[in-house]
Every structure is written in C-alpha cells, then in structure tokens.
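**Q** Mind looking at a prediction? Sequence and model below.
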Protein chains: 2
Amino acid sequence: MSSGDISSETVIGLTAVIVAVTDETPRVLVARRIHHDLATPAQQGRSAAPQDRPDTLPYGPFDAQRHRTLELGLRGWVEEQTGIRPRYVEQLYTFGNQYRDPREFEGGPRVVSIAYLALTHETPLAGTGEARWRDWYDCLPWEDWRGGRPAIVDKIVRPALQNWIRAAPDRPAREERRERVSVAFGFDKSAPVDYVRCLERYELLYEAGLVLEALRDRLAIERAQGRKPSAIDSKASAAAQATGAPMALDNRRILASALGRLRGKLAYRPVIFDLLPEEFTLLRMQRVVEALSGRRLHKQNFRRMVLNADLVESTGHRDTTSPGRPAELFRFRREVVTERAAVGVGLPALSAAE
Amino acid sequence: MSSGDISSETVIGLTAVIVAVTDETPRVLVARRIHHDLATPAQQGRSAAPQDRPDTLPYGPFDAQRHRTLELGLRGWVEEQTGIRPRYVEQLYTFGNQYRDPREFEGGPRVVSIAYLALTHETPLAGTGEARWRDWYDCLPWEDWRGGRPAIVDKIVRPALQNWIRAAPDRPAREERRERVSVAFGFDKSAPVDYVRCLERYELLYEAGLVLEALRDRLAIERAQGRKPSAIDSKASAAAQATGAPMALDNRRILASALGRLRGKLAYRPVIFDLLPEEFTLLRMQRVVEALSGRRLHKQNFRRMVLNADLVESTGHRDTTSPGRPAELFRFRREVVTERAAVGVGLPALSAAE
DNA sequence: ATATATATGTTCATAATGAGCATAACAATA
DNA sequence: TATTGTTATGCTCATTATGAACATATATAT
C-alpha cells in the first residue's frame, strides 16, 4: 500500500460494469465521487464542482493477499461497497494503456485494470449514496437505434468523421480511415451497422477527437511533455461536447467494450434471464433484449423464436397490470442449457422493425 | 526486478498462444525450457530430465517502462524471442488464480498473467531453439472430432466423469455435476457438443482430477499446508495419464481458452485468412477451418458458403501439385469487411459430414 | 484408353427468417 | 350492453439458408 514514486511500479485494479435493466432503459452503476481522489489534472486545478465531475465506474484494487481469484476479489468489494451480489459475472478485458490513469504524469504507478461485466436486478443501493444507476446510453448515445438511426449519428458523428477522414495525412491513411469508419458505422455501403462493434465505434470517435476524453488526454499529455497545446479543431471540439456524457479515465471505453460483449453474448447464451425477474411476460423480455441490443424487434417473430426454442415455460399466471389483454407470465426453462448447444435470443441480422 | 519475499507483491506477465496451421494440424508455439527456471516443486525435487519437463507457453514479464500498451509489450518480446510478427493479435483473458505459479508456495509473488492469442504462418523459428511448434490436440485430444467422436472421450473421459458425478457429496452437488458434464460434453441428451466450450471442458476435467495438472496442484497445495497427501482415486489417476500432454502452470487451461475463443471467432470474423497464405485453394481453406474447429465439414456446402458470401476471389492461377483436377487458387477479398456485418466461415450448427 | 482422384456444379427437401394479416381477451366508456 | 382502444396471441406466406445427395469436369498414372 506504499505510495510509490518509482514509476516502474505496476498496480492491478478491478473495474466493474454492473448492469441492470428497468423497463426499457439499460443502466450501469456509476459513482459520482472520483474514487480514491482520482481526478484529471485539469479537474484538480479547477477543483470542479461535484456535479461537473465525470462519473466513474466502481473500482477497487486487487488484493492478492485476501482473494484467491480475481473474480472473488471483484465480488468481494462490489458487495461491500454496493450491497450487490450479481447473478452473473464475467471477465471483460484488461486495460493497461499508458496514461489511462492521469496520476502517471506525476510519477504515479501504471494502473492495469481488469474489467468485469456483472448482471443483476436493479436494486436499492446500500453504501455511501455516491453510487447511482445511470442510463447506459447517456454515455453512448450513438448506440441506441431503437427509434431508428439516432439523430446524433447523422447530425454530428457522420460529418465529423468525414472531416476526420479528409484530414488524414496521406492517401493510404485516408483509405484506412474510410474503411474503419465504414466497418464500424456502415455509412457508405448498404451494409447495416454491426450492433456488436461498440468498442470499435468508441475508439474511432476517440481517435477522431469526438469524445471529450480524447481532448482531455491530448491536453494532459502535451502539458506533461511541456509541449504547447496543439490547436483543436473547433468543429470537432463542438462535436465532442455533444457525444454524450464523458467519464473519468478510460471508463467510457470500458463501457463500450462491455456493451459490445453483452450484445454478442445475448445471441448464444441465456444471459437475459439474469436481468429479468423470476416471472416475466414475453413483451417484457423483448423490451430488455431491445434495450441492450439497441434495436427494435419484430414482436411476433420474437415470440415465435423464444417459444420454439423452448427457452421459457408458462407459469400459469397472468400479468393484469397493463391495459388490454393480460399477458401470460413465463419463467426460464433452465433445462434448455443441457438440451441445445447455443442458447440465446438469436437477434436478427440487421433490420429494425415493429 | 527485485525478487520479493513479501508475498503481497503482484507481478504482471504476458503469455502468448501463437497459432499456425500446417496442412491439417493446428499448432501452437511452445518452449521446452521452463521459462525463468520456473518449475513445480515436484519437478525441482526430481530434477526431471529435459524431455520430461512439461512444455510452457511463451511468456514475458510486462515492463510498464518500456511499453505503452499491453499488446505492444507482447509483440515486443514475441518478436525478440521468436522472430515472429503475428498477423493478428487479440487479448484473451487474464489469469490470476492463487498458486497458478507454484513459486508462490515459497513466498514468491502472485503472478497475474494476461494471455494473448496470436495468429501467424508457421515460420522457421529464430532464437534459442528451445521453441517448437506442437500439435494443439496433443494437449487437448478430446477436442479433435474430425475422425468422429474421439476414442479418448468414450473410453476414458466419459466413464471417469460419471464416476466423478457419482462421487459428489450430496444430491444437489451430483445434479450440478451432471448438468455441467451434460452441457460441456453433451453426453446424455441428443444435444451435440458445443465445439466452442473448450474451456468448460478443460475445467471439468481439471476439477474431476482427470488431467495431470490437477493432481500436481493438489499435491503441491497439500504439501505446502503440511497436510498429508489425500488418497488419489487410482482410476482417475490412470485416466489423467491418458488425457494428453500436460503443461506447466495453468498453460493448458490457457490453451483451452484460446481454442474456444478462436473457434468462436471463426464464425463471424475473417480470422482464417491470417492463417492462410496469400493464395490458397478452397480445400486448403476448408482444411484449416476443420483443423481449428475440430470437425469435418461438407465440402460442397463449404464451397457454396464461401463463394456466395464473396469472401474470396479467383486469382486465375491453379494449384497443380496434387493429383486430379487442379484446384483454382483464390485470395481473400478484403472489401467484404466493409460490405457485410459479420464476416466469417459460418460453421454449421452441429453435424459431421464429408 | 481406362482407372482413379480430385475439383466443381446442380438439385431438392427442409428449416429458419422477415413481414404482414387475423383473431382473442381484457378495460374504459358511451 | 355495445363500442372502442389496447395489448396479446396465432397463422400464413414468400424468401433465404442449410444439409445432403447426385452429376460432371479435369487432371495423373498405368
């Protein structure tokens, strides 16, 4: 626990993306307080008001003394800090880029963070009260296509990325940028967006300077190297203001990575059921899938798919809370996992329907 | 670099699973030499002959001073040690279980290892000569179903796992074991094996004591705790001798994890092409997919799928080396990645054909 | 020429998918 | 009580994808 001024030191941390879905909004647990007084230099300078500070993901150091495995370490402090015992926990990715923690600039250690995805119900929060549930799409607004192609994509992201393509130093670089944009967002061609490539999209926006974190980091690096701050494209800067809520460190990248992983997993593992209550209607289930995948689904086909796959069985109960014909309540049929190889909700390849 | 006797110390390492496919065998790069004189206590005691020492995966410590990112760190020492510049590199998983490095028993630090998957051609090896290519299925023989259900599954794995199920302490535990076995290997039901669940299968064998590493670790822990070595089921022990080549540390677990990841990726990202030469016949491509997925595929359907998906284009050349009608040579159409969302070889759901 | 081995092309039945139309069961209201 | 709005549920149809078999083409070796 000694604070090192030898910058060769390397520290391992655990970061949690804790997910729940209420009605139609996917939520992640965030803390307003910068954990361990972690703040960007700019923020320390300005001593920003609490409401200006970007959110962080729940974070805890990994204590090799106390925990036999990484996952147990994560579960440990998550429960201590938030009272949550996630139903599902999965390791996401290990982030170790230089300067992902700005304290490195002042000789702080390199912090390598192992990110985990955790699924739960939305629960009343124990603990300090600094934690709260936040709409996932607040931070990644370009990922929500449920109402059709989001306005932000056409009005902000697309023109800004085209500027960025044009601004490439030479032709090969331009071509490479064009291809990456095309793959991630599917603009040019008739190809649909691949809703699973969330991380690629975020990284593109970051490189193009279209998220505030990119400007923040560029500035910090230049300052630390004693260089003059480079000019910032005013158009890009304005765009960066509009691309959703920034987060501390690389936490938004982690969020994007988690969303992509979860979207991918939906299709072949029965993870939705870890986000649903014991009994649920098929529409409720559909809404949760839609919330996470960010797309609308065809109601009858969704129904057919779920029933034909024997994913659920009727409980005999009905939901009478909504107007109209009461819906049947179902429960997850756990047996399916032993019956078939891939168990998931099988999202359609592209289209948006309803 | 100071060797710590404070066991709270934690060290980050990078482990590489470097894959190539020659003809019909998938290969991974292994080193016979135990890296950094790393050996299990048992091995140190017996001072095993070199050919008795289990292989290890290429490993290097992560030096935060020298490398901006984890991936660059990995690429760095991989090229230094082996001369290989992989065409594709992807982070796999971070392994941090207690005692994954047996030196912990003697006060050594907890070693958390970030594993990477790397794809390349099989290349003549530079460096010490300690490294060599090894058939992946030497270590995971139960994963190769190309010749139908492997003998080892029926003769050894299945009966041993059924013993293990019976040996559960109580009924719920027995039920849980039964379900896990069923999901991983698909014995009971008509369900096919899910060829992607390699890690689950390995972990099952490990828990059931059916791989030598499990016996090794159990012994080491008991010895370190001063307990009397527990009796080892002689049947299980015999089985463990027959379940393929053991590896040092948890390297076989990492191998299983890599195989599963790669199998999954095949279906929706064009990773095969990083294992193929510039020009190849469709049969060659099929053989590579089969080698990795561990299953035989229907030739005509594979052909149709690849061609209809516009994954490849003819080079106009032909392969005249084999008897019979010469095969057309194709190259990868890079453009497809911008044309469609999921680009891969779309393995069929189950069956084995030819 | 003939046998043999491989590559390539075609067809067919079946299953999965996307989309629309039709009906059923409730509540609120006229 | 009849009407209307709202949601759930069921059915059909065209299109496409998939698994499998059969048929043909082009080479080498004898």
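**A** That came through fine. Quick caveat, the model's predicted, so the values are computed rather than measured. Residues are numbered from 1 along each chain as shown, chains lettered A, B, ... in the order given.
**Q** what's the distance between residue A:75 and chain B?
**A** 14 Å (C-beta to the nearest C-beta, to the nearest Å). Where you see a C-beta, it was placed from the backbone N, CA and C, and this is true even at glycine.
**Q** What residue, apart from its backbone neighbours, is nearest that residue spatially?
**A** Among residues not flanking residue A:75 along the chain, residue A:89 sits closest, at 6.5 Å (C-beta to C-beta, 6 or more residues apart in numbering or on different chains).
**Q** what about the one you found, which helix or strand?
**A** In this structure, residue A:89 sits in strand A:88-95 according to DSSP states H and E.
**Q** cool, and residue A:17?
**A** Applying DSSP H and E as the criterion places residue A:17 in strand A:10-22.
**Q** got it, and residue A:252?
**A** Using DSSP H and E, residue A:252 falls in helix A:251-266.
**Q** could you give the angle of that helix to strand A:88-95?
**A** 130 degrees (axes from the mean of the first three to the mean of the last three C-alpha atoms, to 10 degrees).
**Q** Tell me what the residue nearest to residue A:75 is bridged to.
**A** residue A:118 (DSSP bridges).
**Q** Share the number of residues neighbouring residue A:181, please.
**A** 23 (other C-beta atoms under 10 Å in any protein chain shown).
**Q** Spatially nearest residue to it, not counting backbone neighbours?
**A** Leaving aside its sequence neighbours, residue A:181 sits nearest to residue A:161 (C-beta to C-beta, 6+ apart; 5.1 Å).
**Q** separation between the one you found and residue A:174?
**A** For residue A:161, the distance to residue A:174 (C-beta to C-beta, to the nearest Å) stands at 12 Å.
**Q** How about residue A:323?
**A** 55 Å.
**Q** same deal with residue A:197?
**A** When residue A:197 is compared with residue A:174 (using C-beta to C-beta), they lie 21 Å apart.
**Q** Can you pull out the low-pLDDT segments for the stretch 251-354 of chain A?
**A** A:348-354 (pLDDT under 70).
**Q** Tally up the residues packed near the residue in it positioned nearest to DNA strand D, please.
**A** Taking C-beta to the nearest atom of the strand as the measure, the stretch 251-354 of chain A has residue A:324 as its residue closest to DNA strand D, at 2.6 Å. Residues lying near residue A:324 (other C-beta under 10 Å) number 5.
**Q** Please identify which helix or strand holds residue A:29.
**A** strand A:25-31.
**Q** which element follows the least confident helix or strand in chain A by mean pLDDT toward the C-terminus?
**A** Across the helices and strands of chain A, mean pLDDT, DSSP states H and E gives its lowest value to helix A:41-46, namely a mean of 45. Downstream of helix A:41-46, the next assigned helix or strand under DSSP H and E is strand A:59-61.
**Q** Distance of residue A:147 relative to DNA strand C?
**A** Per C-beta to the nearest atom of the strand, to the nearest Å, residue A:147 is found 16 Å from DNA strand C.
**Q** if I look at that residue, how far off is residue A:182?
**A** 23 Å.
**Q** who has more neighbours, these two?
**A** When neighbours are counted by other C-beta under 10 Å, residue A:182 comes out ahead of the other of residue A:147 and residue A:182, with 19 against 9.
**Q** element containing that one?
**A** Going by DSSP H and E, residue A:182 is part of helix A:171-185.
**Q** Now do that helix: everything it contacts.
**A** Applying C-beta atoms under 8 Å, 6 or more residues apart in numbering or on different chains, the external contacts of helix A:171-185 come out as A:153, A:157-158, A:161-162, A:164-166, A:168, A:187-189, A:191, A:193-194, A:197, A:200-201, A:204, B:337-338.
**Q** The next helix or strand after it near chain B at all?
**A** Using DSSP H and E, the helix or strand that follows helix A:171-185 in sequence is helix A:198-207. No: Helix A:198-207 does not reach chain B (C-beta under 8 Å from any C-beta of the partner chain); its nearest approach is 11.3 Å.
**Q** hmm, who's touching helix A:198-207?
**A** Contacts for helix A:198-207 (C-beta under 8 Å, 6+ apart): A:140, A:142-143, A:157, A:161, A:164, A:180-181, A:183-185, A:211, A:213-214, A:243, A:252-253, A:256-257, A:259-260, A:263.
**Q** So which bits of the stretch 151-300 of chain A are right by DNA strand C?
**A** A:298, A:300 (C-beta under 7 Å from any atom of the strand).
**Q** mind listing the strands for the stretch 201-350 of chain A?
**A** A:312-319, A:327-332 (DSSP state E, counting those that start in this stretch).
**Q** Including mean neighbour count and distance to DNA strand C, could these go into JSON lines?
**A** What follows is the strands of the stretch 201-350 of chain A, written out as JSON lines (neighbours: other C-beta atoms under 10 Å in any protein chain shown; distance: least, C-beta to the nearest atom of the strand, whole Å):
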{"stretch": "strand A:312-319", "mean neighbour count": "14", "distance to DNA strand C": "7"}
{"stretch": "strand A:327-332", "mean neighbour count": "18", "distance to DNA strand C": "10"}
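**Q** how many neighbours does the closest residue to residue A:305 other than its chain neighbours have?
**A** Closest residue in space to residue A:305, ignoring its immediate chain neighbours: residue A:346 at 5.7 Å, by C-beta to C-beta, 6+ apart. Residues near residue A:346, counting by other C-beta under 10 Å, number 16.
**Q** Next up, the contacts around residue A:346.
**A** A:267, A:305, A:309.
**Q** just the residues you listed that are near DNA strand D?
**A** Of these, not one also sits near DNA strand D (C-beta under 7 Å from any atom of the strand).
**Q** show me the contacts for the residue nearest to residue A:181.
**A** Residue A:161 makes contact with A:181, A:185, A:187, A:204, A:205, A:208, A:210, according to C-beta under 8 Å, 6+ apart.
**Q** pLDDT and distance to residue A:313 for those - can I get that in JSON lines?
**A** Below are these laid out as JSON lines (pLDDT from 0 to 100; distance: C-beta to C-beta, whole Å):
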{"residue": "A:181", "pLDDT": "94", "distance to residue A:313": "45"}
{"residue": "A:185", "pLDDT": "91", "distance to residue A:313": "40"}
{"residue": "A:187", "pLDDT": "83", "distance to residue A:313": "43"}
{"residue": "A:204", "pLDDT": "97", "distance to residue A:313": "43"}
{"residue": "A:205", "pLDDT": "97", "distance to residue A:313": "43"}
{"residue": "A:208", "pLDDT": "95", "distance to residue A:313": "48"}
{"residue": "A:210", "pLDDT": "96", "distance to residue A:313": "47"}
